[in-house]
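Engineer: here is a sequence together with a model predicted from it:
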Amino acid sequence: MANIQQLDPGASPLDYYGWELRRLREAHGLRQQQLGDIIFCSGSLVGQIECAKKIPTREFSERLDAALGTGGLFSRLVGLVLRSQLPNWFQPYAEMEARATYISTFQTQLVYGLLQTEEYARAVLATGMPDDLEGLLAARMERQRILDRERPPLAWAVLDEAVLHRPIGGREVMRRQLAHLLGFVDHRWMRIQVLPFEAGEHASLDGAFNLLRFEDDPDIIYTEDLISGHMTANPDTVREASLRYAHVQATALSVEDSAALITRVMEERYGDPS
């Protein structure tokens, strides 16, 4: 195992987190196992995180802060660590998403990342056969924290009905995922609509896209292809995408009728087969 003192704390957020953990643990005169006992984990886990071999969780970080009296240092650092686990090409979008005051998304294949349950997200991410599935999963769950802020972004998601029928992760995973979507029916800041099959051709047959709006910065359109993502603030592109989104919203079911459709699919397709 690498010695933590050989790590460069400026190399990455994860290296800095590990370096700070070792420094503060030793400043308190604690061995790894002693600190592990205090925060209800193994000394081995403490050592792996100190050596940047394992990704810390938010719960681990909050316990560290309480045990070492750091004033929230690790709770602040863990957000940077988890965001750094996202694919390099996706990190700029995640940073903009976290700053946005309004997020609108049209999804044709999958539930939007901010709305995914952990088990649904795990099944989705596993399809890419990543080297560190747990790190990617933790990063995706961390993204969702923006919805829990005191003043979260106003968000509007339109999902193609195909999203409801594609059995990602199996029957039980999908049932819980659709139930999770229904939990947003009375949410103050999030609205979900479904574009039904019966709508036929529509304004965004070309695929999914996201529109981000900000207090003081230009609007941004984000799209993805097979291996990367693309952001643009080109006014003509933003105008065209905004028009298409308006048409998709108008064609989609109302929020109430969308919830009814989600409920029907959940019960008929993913309910108890007995």
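Structural biologist: Noted; the coordinates are in hand.

Engineer: got the contact list for the closest residue in space to I38 that isn't next to it in sequence?
Structural biologist: The spatially closest residue to I38, leaving aside those adjacent along the chain, is A67, at 4.8 Å (Cβ to Cβ, 6 or more residues apart in numbering). Placement of C-beta: from N, CA and C, glycine included. Shown in contact with A67 (Cβ atoms under 8 Å, 6 or more residues apart in numbering): L35, I38, I39.

Engineer: counting neighbours, which of those comes out on top?
Structural biologist: When neighbours are counted by other Cβ atoms under 10 Å, L35 leads the contacts of A67 with 24 neighbours.

Engineer: check contacts around that one.
Structural biologist: Here L35 is in contact with R25, H28, G43, V46, A67 (Cβ under 8 Å, 6+ apart).

Engineer: now I221
Structural biologist: Contacts of I221 (Cβ under 8 Å, 6+ apart): F209, N210, L211, L212, M231, T232, A233, N234, T237, V238, A241.

Engineer: if we use 10 Å, what do you get?
Structural biologist: Going by Cβ atoms under 10 Å, 6 or more residues apart in numbering, I221 touches 209-212, 230-234, 237-242, 245.

Engineer: roughly how far does the closest residue to R99 other than its chain neighbours sit from E97?
Structural biologist: Using Cβ to Cβ, 6+ apart and skipping the chain neighbours, the partner closest in space to R99 is F214 (6.3 Å). Using Cβ to Cβ, to the nearest Å, one gets 11 Å for the distance from F214 to E97.

Engineer: could you pull out the residues contacting both of those two?
Structural biologist: Common neighbours of F214 and E97 (Cβ under 10 Å, 6+ apart) are P153, I220.

Engineer: more crowded one of the two?
Structural biologist: E97 (21 against 14).

Engineer: immediately after the helix or strand that L159 is a member of, which helix or strand?
Structural biologist: Element membership for L159 (DSSP states H and E) is strand 154-160. Later in the chain than strand 154-160, the nearest helix or strand by DSSP H and E is helix 161-165.

Engineer: what sits up against that following helix?
Structural biologist: 107-112, 157, 174, 177-178, 181, 194-199, 208, 252-253, 258, 261-262, 264-266, 269-270.

Engineer: and the next helix or strand past it?
Structural biologist: Following helix 161-165 in sequence order, the next helix or strand is helix 171-182 (DSSP H and E).

Engineer: so for that following helix, what gets flagged as buried?
Structural biologist: Under the neighbour-count criterion of 16 or more other Cβ atoms under 10 Å, helix 171-182 has V173, M174, R175, R176, Q177, L178, L181 buried.

Engineer: could you do stretch 133-148 as well?
Structural biologist: Neighbour count says stretch 133-148 has G135, L136, L137, A138, A139, R140, M141, E142, R143, I146, L147 buried, by 16+ other Cβ under 10 Å.

Engineer: what comes into contact with the helix or strand containing the third one?
Structural biologist: Using DSSP H and E, the element containing L137 is helix 133-143. When contacts are defined by Cβ under 10 Å, 6+ apart, helix 133-143 is touched by residues 14, 54-58, 78-87, 90-91, 93-94, 97-98, 113-114, 116-119, 121-122, 124-126, 128, 130, 132.

Engineer: can you list which of the residues you listed are found in helices?
Structural biologist: 14, 58, 78-84, 91, 93-94, 97-98, 118-119, 121-122, 124-126 (DSSP state H).

Engineer: quick one: buried ones out of those?
Structural biologist: Looks like these have 14, 58, 78-79, 81-84, 93-94, 97, 119, 121-122, 124-125 buried, using 16+ other Cβ under 10 Å.

Engineer: which of these sit farthest apart?
Structural biologist: L14 and E119 (25.0 Å; Cβ to Cβ).

Engineer: and L82, what does it touch?
Structural biologist: 13-14, 55-58, 61, 94, 135-143, 145.

Engineer: ditto for D37
Structural biologist: L30, R31, G43, V46, A67.

Engineer: correct me, but I146 touches A98?
Structural biologist: Yes - counting by Cβ atoms under 10 Å, I146 touches A98, with 5.5 Å between them.

Engineer: what residue of this structure is the furthest out?
Structural biologist: G29 (37.0 Å; Cα atoms, centre = their mean).

Engineer: got phi/psi on that one?
Structural biologist: phi 70, psi 30 (degrees, to the nearest 10).
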